[in-house]
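Novice: Okay, sequence plus prediction incoming.
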Amino acid sequence: MNSKILKLDAPYNIIYAGGRVGRHIATMTVWEDNDMGIYDARQYAMIDEGGELAAGALAVEAELGDCRVICNESDPRVRLRWLAEIVEYDMRQEDPVEFHYIWERLSLFGVKVIWDKARDEKGELLKDEDGEPIDENVYTISLTFEGTHSHMVAQSYTTSGFYFYARGKVEDVYNELYYQLSQYETAFHNDYLLIKFTTIDSWEQHIVDLLNNHRMYYEPAPDENHIL
């Protein structure tokens, strides 16, 4: 086994690497060779995760080609929909670290979200009594539901700005959606974030109504026992 480390120059990209988030400060290449030449070459990011974690960790959880650049430290901002795609990508991993950890690490590097202009549920710009845009970020998230009470899958689309995903029994799905909502609102409480849910599905409107009313636990609809 051979290896070589290529040190990168600042300003560094801030990347998602197999569940880790940090500055991409170097790349390690490893390979095998014999008389026939080089084979089985792989590259891994070496990162600085910030905070209490030592710089130079080798992110072996993902090869370099499977990492995602979030932003560059020279302009530590991330578009909301790209952040949603990072969250979606994380949730598709075998062991997702979830949004709250991703944002915790990004916050250490001073990363900020690029918000859309604040709009109400009708798409109109929100303004104060003087007609000036106000500092409030309102997002309408469309949820889709598949399956039954015993095995349901719920998710949103990254184009809405926030990614939600949950599966399991209806109670488990609700609890996970509520948990994710709480994480987003906690992370962006200084940005006056307001998330409202909609759905085109039928009885699942009951789930949406509970979320919009910030009910901590799932409450069955009165006629839910008759729903298959």
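Specialist: Now that the structure is in, tell me what you want to look at.
Novice: just checking, what packs against the lengthiest strand in the chain?
Specialist: With DSSP state E setting the assignment, residue counts place strand 20-34 as the longest strand in the chain. Packed against strand 20-34 by the contact rule (3 or more CB pairs under 8 Å, 6 or more residues apart in numbering; DSSP states H and E) you find strand 2-7, strand 13-17, strand 37-48, strand 57-59, helix 98-108. All C-beta atoms are positioned from the backbone trio N, CA, C, and that covers glycine.
Novice: again, 7 Å this time
Specialist: For strand 20-34, the elements it packs on are strand 2-7, strand 13-17, strand 37-48, helix 98-108, judged by 3 or more CB pairs under 7 Å, 6 or more residues apart in numbering; DSSP states H and E.
Novice: How about Val138: what's its closest non-neighbour residue?
Specialist: Once its chain neighbours are removed from consideration, Val138 has its nearest residue in Leu194; the separation is 4.7 Å (CB to CB, 6 or more residues apart in numbering).
Novice: For Ala62, see how far away Arg42 is.
Specialist: Computed as CB to CB, to the nearest Å, the Arg42 to Ala62 distance reads 11 Å.
Novice: higher neighbour count, these two?
Specialist: For Arg42 against Ala62, the residue with the higher neighbour count under other CB atoms under 10 Å is Ala62, and the figures read 18 against 14.
Novice: What are the structural domain limits within this protein?
Specialist: Described in terms of automatic domain parsing, the domain architecture of the chain consists of the residue ranges 2-114, 137-226.
Novice: Let me have those domains in a markdown table, extended by mean pLDDT.
Specialist: Formatted as a markdown table, these follow (pLDDT from 0 to 100):
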| stretch | mean pLDDT |
| --- | --- |
| domain 2-114 | 93 |
| domain 137-226 | 91 |
